[in-house]
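Undergrad: return a 3D structure for these sequence lines:
(one chain, ligands or ions: 1)
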Amino acid sequence: MKIHEKLKKSYDILSKHYEFDVDTKTFNAYYERPAMIKAIGKIKNLRVLDAGCGAGYYTKWLIDNNAKEVVAIDFSKKMVEATKRKVENKAHVLELDLNAKLPFNNNYFDMIVSALTLHYVKDLNFTLSEFKRVLKENGVLIFSINHPIMTYLYFSLENYFEEILLEDLINKVPVYFYHRSFDTIFDALYNNNFFVVNMYEPKPTKDFLKMDEKNYKKLMKKPNFLIIKAIKSNVTK
Ligand SMILES: C[S@@+](CC[C@H](N)C(=O)[O-])C[C@H]1O[C@@H](n2cnc3c(N)ncnc32)[C@H](O)[C@@H]1O
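TA: The predicted structure is shown next:
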């Protein structure tokens, strides 16, 4: 079975974990999500794509915060089903692969939110070219990914600069993702007219400390996730 199919199968298995547990897990609830939500900012009246929606946490948040229209996509059938259960008919939830062309019109969305997903795509440049196509001029892209420093250190990589596929375990289920250097990430953004307006290296919240002091102390010294906010703009060229 190809890596891509294996990953999809893994996320089908993990969909239960995402639907029932993740919303209270420290790394999501008290670390990545508060920082992403701060980075996203106001979404009232915006047409937003949730790319790699998982069980629909951000999809629901976008609806609850008055986005004009929310489209959520994921390549895992089980994740799509979980998101549909969560948001019912308040969003369009579609089973789609970010490694392929997206079935949306050019210049359709005001914003794309993609949480902890882009490190899984095979060709970041391709996926960003699709994001560029479907976003309006001055549309905003906000995404979180594994921090390149974390993957470099945690996986004891020999070469920081080499783009490399790595295997990790989430709840004992194997997942396969790419380590990409800052240079690779920023190059792909630049090539696709994304002008980076901010970059965040989140710190855990005080609630994290109450629940897991050991990891809180670790995360206060070593980054785990990276958040980037960029605007589709000709300014980059
Ligand atoms: C770590 S989960 C994050 C889910 C959600 N964004 C959240 O933060 O709760 C990553 C998600 O990306 C999806 N994914 C991975 N590769 C994908 C691809 N090529 N196309 C679409 N979805 C993908 C997985 O199925 C999974 O639901």
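
Undergrad: quick one: buried residues of the helix or strand where Met199 lies?
TA: Here Met199, judged by DSSP states H and E, is contained in strand 194-200. By neighbour count on 16 or more other C-beta atoms under 10 Å, the buried set for strand 194-200 is 194, 200. Every C-beta, even on glycine, is put in place using the N, C-alpha and C of the backbone.

Undergrad: quick check: residues of this structure near the ligand?
TA: 11, 18, 22, 52-54, 57-58, 74-76, 79, 97-99, 115-117, 120-121 (C-beta under 6 Å from any ligand atom).

Undergrad: hang on, the earlier thing: contacts for the strand holding Met199, please.
TA: 35, 38-39, 128, 131-132, 141, 186, 189, 226-233, 235-236 (C-beta atoms under 8 Å, 6 or more residues apart in numbering).

Undergrad: one more time with 7 Å
TA: Strand 194-200 has contacts (C-beta atoms under 7 Å, 6 or more residues apart in numbering) with 35, 39, 128, 141, 186, 189, 227-233, 235-236.

Undergrad: cool, and stretch 120-139?
TA: Contacts of stretch 120-139 (C-beta under 7 Å, 6+ apart): 7, 49, 98-99, 101-102, 104, 106-112, 118, 141, 177, 180, 185, 188-189, 191-194, 231-233.

Undergrad: got phi/psi on the spatially closest residue to Asn107 that is not a sequence neighbour?
TA: Distance criterion C-beta to C-beta, 6 or more residues apart in numbering; nearest residue to Asn107, sequence neighbours excluded, is Lys136 at 4.7 Å. Per-residue torsions, Lys136: phi -70, psi 160 (degrees, to the nearest 10).

Undergrad: quick check: Lys136 vs the ligand, distance?
TA: Distance of Lys136 to the ligand, given as C-beta to the nearest ligand atom, to the nearest Å: 22 Å.
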